[in-house]
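Student: Okay, here's the prediction I keep looking at, along with the sequence it came from:
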Amino acid sequence: MRAIKIGIAGPVGSGKTTIVEQLTNLLKDRYKIAIVTNDIYTKEDAIYLQKHLQIPSEMIVGVETGGCPHTAIRDDISMNKKACEELEAKFAPQIIFVESGGDNLSTTFSYELIDFYMYVIDVAQGGDIPRKKGAGLLLCDLLIVNKTDLAQYVDVDLALMQNDVQVARKNKPFIFVSKKDISSLEKIIEWLVAIL
């Protein structure tokens, strides 16, 4: 059986790697999980996850894109596709998380690479991000608004931001989360289990 591939994209520092780490920790006893990370010139995110996750390190692969991160997940997906195929052949995971390198609000995934994708923004980037829109935010299967616990420190009105997200997303799903609030992460789990 083929793995379900879940893409995770968003700007630098929005919390993509932390979300991959948290979701893997919450799901690893129920599902066999593999991870592909993308960085331009390093395998930094893969190395971090190999050190901090309790899954075999061979199931976490770092791809060095050598250029614009969205190119490797949307335009020329060959490196990521090969990494996913090798993980499937060796380990038969049920879920493969494909984390993009940090990029702008226009980032989208090719559906030839993934089945569904999440786009992560965070409140510290500014409450106006949903009004700026962008293809990643508008077209993703699930929008995650991360770091809600920081709103009070950066003068972001979460109620206003939620309203702006609803307007931008129309009927598409979104979740506001904080790594300090496990119940908010459980909402992402519910979404994942539903698509599985």
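Tutor: On my side now, so go ahead. Just so you know, these numbers come straight off a predicted model, no measurement behind them.
Student: need the helix or strand of this structure with the lowest average pLDDT.
Tutor: helix 69-70 (a mean of 80; mean pLDDT, DSSP states H and E).
Student: Run the chain-centre distance for that one.
Tutor: Taking the mean of its C-alpha atoms, helix 69-70 sits 13 Å from the chain's own mean (CA atoms, centre = their mean, to the nearest Å).
Student: I'd like the next helix or strand past it.
Tutor: Once helix 69-70 ends, the next helix or strand along the chain (criterion: DSSP states H and E) is helix 78-91.
Student: Residues touching the least confident helix or strand of the chain, excluding its own?
Tutor: By CB atoms under 8 Å, 6 or more residues apart in numbering, the residues outside helix 69-70 that reach it are 9, 38-40, 100-104, 106-108. The C-beta positions use only the backbone N, C-alpha and C, and glycine is treated the same way.
Student: give me that answer again for 10 Å
Tutor: Helix 69-70 is contacted by residues 9, 12, 38-40, 63, 99-104, 106-110, 135-136 when judged by CB atoms under 10 Å, 6 or more residues apart in numbering.
Student: confidence score at the residue of the chain positioned farthest from its centre?
Tutor: For the chain, the largest distance from the centre (CA atoms, centre = their mean) belongs to residue 155, which lies 25.2 Å off. Residue 155 carries a pLDDT score of 97 in this model.
Student: That one is in what secondary structure piece?
Tutor: Assigned by DSSP H and E, residue 155 belongs to no helix or strand.
Student: quick one: contacts for it?
Tutor: By CB under 10 Å, 6+ apart, the neighbours of residue 155 are 123, 126-127.
Student: Residue 160 too?
Tutor: Going by CB under 10 Å, 6+ apart, residue 160 touches 127-128, 130-131.
Student: Tell me where this protein is predicted with low confidence.
Tutor: Applying pLDDT under 70 to the chain flags residues 1.
Student: Could you rerun that using 90?
Tutor: By pLDDT under 90, the weakly predicted segments of the chain are 1-2, 39-42, 65-71, 101-106, 196.
Student: so what's residue 115 up against?
Tutor: Residue 115 neighbours (CB under 10 Å, 6+ apart): 2-7, 95-96, 98, 109, 141, 195-196.
Student: Pull stretch 82-92 out as PDB, backbone CA atoms only.
Tutor: Extracted C-alpha coordinates of stretch 82-92, given in PDB (Å, rounded to 0.1, in the frame of the first residue of the first chain):
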ATOM      1  CA  LYS A  82      13.000  10.000  -5.600                       C
ATOM      2  CA  ALA A  83      13.500  10.400  -1.800                       C
ATOM      3  CA  CYS A  84       9.800   9.400  -1.200                       C
ATOM      4  CA  GLU A  85      10.000   6.400  -3.500                       C
ATOM      5  CA  GLU A  86      13.200   5.200  -1.800                       C
ATOM      6  CA  LEU A  87      11.500   5.500   1.700                       C
ATOM      7  CA  GLU A  88       8.500   3.700   0.500                       C
ATOM      8  CA  ALA A  89      10.500   0.800  -1.000                       C
ATOM      9  CA  LYS A  90      12.700   0.400   2.000                       C
ATOM     10  CA  PHE A  91      10.300   1.000   4.900                       C
ATOM     11  CA  ALA A  92       6.700   1.000   3.600                       C
END
